[in-house]
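Enquirer: missing the sequence, but the structure's below:
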């Protein structure tokens, strides 16, 4: 019993470190308007600055997504915290657009190192028989951290001095605390290999994973695409169309989507893993419909409802996808397979967002949002029909 309690404490501390890193990746979200005023760039530039982060994530996942399987989880996560600290320093020193690109790229490198390795690490720190709860801790730390970033930055920007500096100073302090915690936690990889054995990996899957990976990846893509649009352009929509200039409110609306995702993940235990993917797709479709209504009629209430409903759908679908993929993966390939899933997810969080930025110039932000919603609705509907016909098999 004492051993299980200690293992769960370590699992939760690992989740806290995961959350701190991910919070840094969304910290600039409510601040983009201030950066636009300071440096004078367009909405397209905002989406490109945002997407640079996702390209950094994908690059690391492809080049070193399996690094923690070889050299150990802690070493990779310490490097991830180092990149997170460097990203915060770039934002603190920002005197032009180049600093923002550098900060977002470093943030992407940090998240890329963390996504697969930290998810596997949190699950491995849990006691035997706690796989389902550990999966929730990992995914909740991921999404909860992403939600805390814009909320923290929005509150500090609105109600504290130095809005473009204080959020990153606070995050630097949290990163330092996280590094101390990580040095105390045990390593979970028993047979480590030198870094020279790590090779760039093509998006490939062991045979036993392929049957579950397709529908899991589709659901992850759509859910992350919805989050990408909320994170990159919703503050601008709130300011331009709804006349909401309070940074704390902008940060809260974005945070609601991520917090709702955590609630959706928790609901998986009630609805069951097999049903979570199609139900998640249905909720994502409802969230897209609410967002379309918000864009059409300029209603803040519909924006909030879209964040909550779409976030719950993303949580249902993503936890189901992650659990199915993790269960089907061999132990020595688990972090690499999880990283491949995140490659698909982060393609969703970047490519559609840039598309919205490109269209925002000729047809406006609202028109670009409606085009995005139509494309994602077709994709998520197709995924839902496929999942109903061929449910993803999961073990109890």
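Expert: Looks like it arrived, so ask away. Just so it is clear, the model here is predicted, and its values are computed rather than measured.

Enquirer: Could you use CA atoms for every contact and neighbour count after this?
Expert: Fine.

Enquirer: shaky segments in the chain?
Expert: For the chain, the stretches flagged by pLDDT under 70 are 1-2, 201-204, 335, 392-396.

Enquirer: Helices along that one, start to end?
Expert: Secondary structure of the chain by DSSP state H: the helices cover 2-26, 32-39, 43-64, 67-71, 73-92, 97-125, 131-159, 166-184, 210-241, 247-271, 273-297, 300-328, 334-389.

Enquirer: Quick one: closest of those to residue 200.
Expert: helix 43-64 (4.1 Å; C-alpha to C-alpha).

Enquirer: name the helices or strands packed onto that closest one?
Expert: Applying 3 or more C-alpha pairs under 8 Å, 6 or more residues apart in numbering; DSSP states H and E, one finds that helix 43-64 contacts helix 97-125, helix 210-241, helix 334-389.

Enquirer: Check which residues of stretch 185-205 are buried.
Expert: Neighbour counts over stretch 185-205 (16 or more other C-alpha atoms under 10 Å) mark 188-189, 198, 205 as buried.

Enquirer: Tabulate those (a markdown table), appending distance to residue 244.
Expert: Below are the buried residues of stretch 185-205 laid out as a markdown table (distance: C-alpha to C-alpha, whole Å):
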| residue | distance to residue 244 |
| --- | --- |
| 188 | 47 |
| 189 | 49 |
| 198 | 48 |
| 205 | 46 |
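
Enquirer: closest one to residue 194 among the helices of the chain?
Expert: Across those, the minimum distance to residue 194, taken as C-alpha to C-alpha, is reached by helix 67-71, at 6.0 Å.

Enquirer: How about residues contacting the closest one?
Expert: With C-alpha atoms under 8 Å, 6 or more residues apart in numbering as the contact definition, helix 67-71 has outside contacts at 74-76, 117, 189, 191-195, 197-198, 332-333, 335-336.

Enquirer: got it, and stretch 232-246?
Expert: Stretch 232-246 has contacts (C-alpha under 8 Å, 6+ apart) with 29-30, 33, 43, 46-47, 50, 158, 250-251, 254, 298-300, 353, 365-366.

Enquirer: Repeat that for stretch 141-149.
Expert: Outside stretch 141-149, the residues touching it (C-alpha under 8 Å, 6+ apart) are 15-16, 18-28, 115, 254-259, 261-262.

Enquirer: Give me whichever of the helices and strands packed on helix 43-64 is most buried.
Expert: Compared across those, helix 97-125 shows the largest average neighbour count, a mean of 26 (mean count of other C-alpha atoms under 10 Å).

Enquirer: For that helix, what is the distance to the chain centroid?
Expert: Centre-to-centre, helix 97-125 and its host chain are 10 Å apart (C-alpha atoms, centre = their mean, to the nearest Å).

Enquirer: Can you tell me how far residue 160 is from residue 247?
Expert: Remark: distance between residue 160 and residue 247 (C-alpha to C-alpha, to the nearest Å) = 11 Å.

Enquirer: my bad, should have said residue 3
Expert: Residue 3 sits 45 Å away from residue 247, going by C-alpha to C-alpha.

Enquirer: What of residue 257?
Expert: In terms of C-alpha to C-alpha, residue 257 sits 16 Å off from residue 247.

Enquirer: Neighbour count for those two, which is higher?
Expert: Neighbour tally, residue 257 and residue 247, criterion other C-alpha atoms under 10 Å: the higher count belongs to residue 257, 31 against 25.

Enquirer: Spit out the contact partners of the more buried one.
Expert: Residue 257 touches 147, 227, 307-312, counting by C-alpha under 8 Å, 6+ apart.

Enquirer: next one: residue 181
Expert: Per C-alpha under 8 Å, 6+ apart, neighbours of residue 181: 13, 17.

Enquirer: now residue 3, nearest residue through space, not along the chain?
Expert: residue 127 (8.0 Å; C-alpha to C-alpha, 6 or more residues apart in numbering).

Enquirer: so that neighbour sits right up against residue 9, yeah?
Expert: No: the criterion here is C-alpha atoms under 8 Å, and residue 127 misses it with residue 9 at 10.1 Å.

Enquirer: and the two? which has more neighbours close in?
Expert: Taking neighbours as other C-alpha under 10 Å, residue 127 and residue 9 compare with residue 127 leading, 17 against 14.

Enquirer: and the more buried one, what is it in contact with?
Expert: 3-4, 7-8.

Enquirer: sorry, back to before: give me phi/psi at the residue nearest to residue 3?
Expert: Torsion angles at residue 127 (phi, psi; degrees, to the nearest 10) stand at phi -70, psi 160.

Enquirer: For residue 54, see how far away it is.
Expert: 33 Å.

Enquirer: How many residues are close by the nearest residue to residue 141 once chain neighbours are set aside?
Expert: Spatially, and ignoring its direct neighbours in sequence, residue 141 is nearest to residue 19 (4.7 Å; C-alpha to C-alpha, 6+ apart). Residues lying near residue 19 (other C-alpha under 10 Å) number 25.

Enquirer: Quick check: the gap between residue 289 and residue 317.
Expert: 17 Å.

Enquirer: Which one's more surrounded, these two?
Expert: Using other C-alpha under 10 Å as the criterion, residue 289 and residue 317 rank with residue 317 on top: 35 against 19.

Enquirer: dump the residue contacts of residue 156.
Expert: Contact analysis of residue 156 by C-alpha under 8 Å, 6+ apart lists 163, 166-167, 248.

Enquirer: if we go to 7 Å?
Expert: Shown in contact with residue 156 (C-alpha atoms under 7 Å, 6 or more residues apart in numbering): 163, 167.

Enquirer: surely residue 131 meets residue 124?
Expert: No: judged on C-alpha atoms under 7 Å, residue 131 makes no contact with residue 124 at a distance of 8.3 Å.

Enquirer: my guess is residue 288 meets residue 373, correct?
Expert: Yes: using C-alpha under 7 Å, residue 288 is in contact with residue 373, at 5.9 Å.

Enquirer: Look at residue 330 and say how many residues are nearby.
Expert: Other residues near residue 330 number 14, with proximity taken as other C-alpha under 10 Å.

Enquirer: no wait, residue 329
Expert: The local packing of residue 329 (other C-alpha under 10 Å) involves 21 other residues.
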